[in-house]
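Chemist: Structure, please.
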Amino acid sequence: MENNEEQIKNEESEQEDFDDFEEEDTSRDLVVPGEVLTEDTKNFQPGRGTILNKERTKIMSLNIGLKQIRKNYINVIPLRGFYTPRPGDKVIALVVDKNPVKYKCDINAKDFGQLKPKNTVKKGRDRGFRNEPRESFNTERFDIGDILVVKILSADRLNKPELTTVGKYLGKKTGGIVISIESPKIPRVIGRNGSMIKMLKNLTKCNIFVTQNGRIWLKGENLAHERLLIEAIYKVASEAHTVGLTDRMQEFLINEKKKRGIE
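Modeler: Model prediction:
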């Protein structure tokens, strides 16, 4: 029992590192491209999905989505779209190919990510690799089909995203199930201050691990709990634009558990 509690604590603290992209003051106001979000350009700056007009007197939307205010930035969270890799993002990747010098990874974006052997091992104290075993320099560490939690090292329009598995909680993920939703809807799975994801974990008795590229790893006590959680996550994604979603999802899960005889 103590081991299970310790595992849950570790996975909860692990998730905290990935919750820095949870929604903060995301309104339920649907905005469209060209819509003026604010004329207060002294106190607010354009963030993701927004732009200043030529006169720099208004912040306008570039996407169809939900308006979000984060600190002094105004963002528009799109309702649909590809995951756009950004340096520092931590995402779930699938190894789809490899050769002697690099792994090719599906990160749910337009381009595949590349993972080089040097970015799978921690450097020695002398900041070099002289103390590393020889196998550190080849691609024998991971196999095609492996699920990895990686960090985006670099990403731009000219080069494929470069990845690393060196860092806290990064590396191969074993067991469990990985599902995907559209990356802009990930904040709704987390909820404000983690309200949605905590409720989903508690009512389904599953561990959930979400990342910025729309991929979610989950593992439950049994298949019945996992199936219920998967249905719930897809329901959250389909109703991401609506008000009162957390309360409705709680009612949905409680009712479904009774119907299915799940404790």
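Chemist: The stretch 101-250 of the chain: strands as residue ranges?
Modeler: Secondary structure of the stretch 101-250 of the chain (DSSP state E, counting those that start in this stretch): strands located at 102-106, 113-115, 147-154, 162-164, 171-172, 177-180, 206-210, 215-220.
Chemist: now the ones you listed in CSV, with distance to Asp40, mean neighbour count and mean pLDDT?
Modeler: Backbone N, C-alpha and C define where each C-beta goes, glycine included. Shown next, in CSV, are the strands of the stretch 101-250 of the chain (distance: least, Cβ to Cβ, whole Å; neighbours: other Cβ atoms under 10 Å; pLDDT from 0 to 100):
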stretch, distance to Asp40, mean neighbour count, mean pLDDT
strand 102-106, 42, 21, 95
strand 113-115, 38, 23, 97
strand 147-154, 33, 20, 95
strand 162-164, 38, 21, 97
strand 171-172, 44, 15, 94
strand 177-180, 37, 14, 92
strand 206-210, 33, 21, 92
strand 215-220, 36, 20, 93
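Chemist: Of those, which is nearest Ile77?
Modeler: Proximity to Ile77, assessed across these by Cβ to Cβ, is greatest for strand 206-210 (15.1 Å).
Chemist: packing partners for that closest one?
Modeler: Packing partners of strand 206-210 (3 or more Cβ pairs under 8 Å, 6 or more residues apart in numbering; DSSP states H and E): helix 2-16, helix 186-190, helix 195-204, strand 215-220, helix 223-238.
Chemist: Would you reformat the strands of the stretch 101-250 of the chain as JSON lines and include distance to Leu37?
Modeler: Putting those into JSON lines (distance: least, Cβ to Cβ, whole Å) gives the following:
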{"stretch": "strand 102-106", "distance to Leu37": "34"}
{"stretch": "strand 113-115", "distance to Leu37": "32"}
{"stretch": "strand 147-154", "distance to Leu37": "28"}
{"stretch": "strand 162-164", "distance to Leu37": "33"}
{"stretch": "strand 171-172", "distance to Leu37": "40"}
{"stretch": "strand 177-180", "distance to Leu37": "29"}
{"stretch": "strand 206-210", "distance to Leu37": "27"}
{"stretch": "strand 215-220", "distance to Leu37": "30"}
